[in-house]
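>>> Test case, fold it:
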Amino acid sequence: MWSSAATAGGSWAWRPGRPRRIRWFLRTGALLAVLGVMRLARTTRARWEPLFLLVGAGFMIAGFMVPAAFAGFLLGMMILVVTLLRGIAVKGRAAGQAADCWHWNG
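Presented below is the predicted three-dimensional model:
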């Protein structure tokens, strides 16, 4: 006959985690999140055109692949158009030129 879990000691699987270990995971996770956000902000400030072009393309692909997320497709298209137009206006290029963020410098 199988032994029941209602023994005097109880089941070890239902014992809650130790608060100290949980706090350590929360602190470590928060620190890594802050470091990641700071690095993302630095990258965005330095090279915002390629980042926004990738984000816009990602939204467009996700919106195209998932029929229920058509708003994502429109959002991606809007991000791409705004990025290209703003890049042209900021750098003082002619309106017929595209953003040169993918220019090969090799």
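>>> longest helix in the protein, by residue count?
If you go by DSSP state H, the chain has its longest helix at helix 19-46.
>>> C-terminal to that helix, what's the next element?
Proceeding N to C from helix 19-46, the next assigned helix or strand is helix 48-65, under DSSP states H and E.
>>> helices or strands up against the helix or strand following that following helix?
Using DSSP H and E, the helix or strand that follows helix 48-65 in sequence is helix 70-90. Applying 3 or more CB pairs under 8 Å, 6 or more residues apart in numbering; DSSP states H and E, we find helix 70-90 packed against helix 48-65. No exception for glycine: its C-beta is placed from N, CA and C like everyone else's.
>>> Can you give me the buried ones in the helix it packs on?
49, 52-53, 56, 59-60, 63 (16 or more other CB atoms under 10 Å).
>>> As JSON lines, the residues you listed with pLDDT and distance to residue 22 would be great.
Shown next, in JSON lines, are the buried residues of helix 48-65 (pLDDT from 0 to 100; distance: CB to CB, whole Å):
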{"residue": "49", "pLDDT": "81", "distance to residue 22": "41"}
{"residue": "52", "pLDDT": "84", "distance to residue 22": "37"}
{"residue": "53", "pLDDT": "87", "distance to residue 22": "40"}
{"residue": "56", "pLDDT": "90", "distance to residue 22": "38"}
{"residue": "59", "pLDDT": "90", "distance to residue 22": "35"}
{"residue": "60", "pLDDT": "91", "distance to residue 22": "40"}
{"residue": "63", "pLDDT": "89", "distance to residue 22": "38"}
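>>> just those residues now: which is nearest residue 40?
residue 52 (12.4 Å; CB to CB).
>>> Nearest residue to that closest one in space, please, no chain neighbours.
Spatial nearest neighbour of residue 52, excluding adjacent residues (CB to CB, 6 or more residues apart in numbering): residue 83 at 4.2 Å.
>>> circling back to that earlier point, what's the angle between the longest helix of the chain and helix 48-65?
Angle, helix 19-46 to helix 48-65, by axes from the mean of the first three to the mean of the last three CA atoms, to 10 degrees: 110 degrees.
>>> mean confidence for helix 19-46?
Averaging pLDDT along helix 19-46 gives 83.
>>> cool, stretch 85-95 as well?
Averaging pLDDT along stretch 85-95 yields 63.
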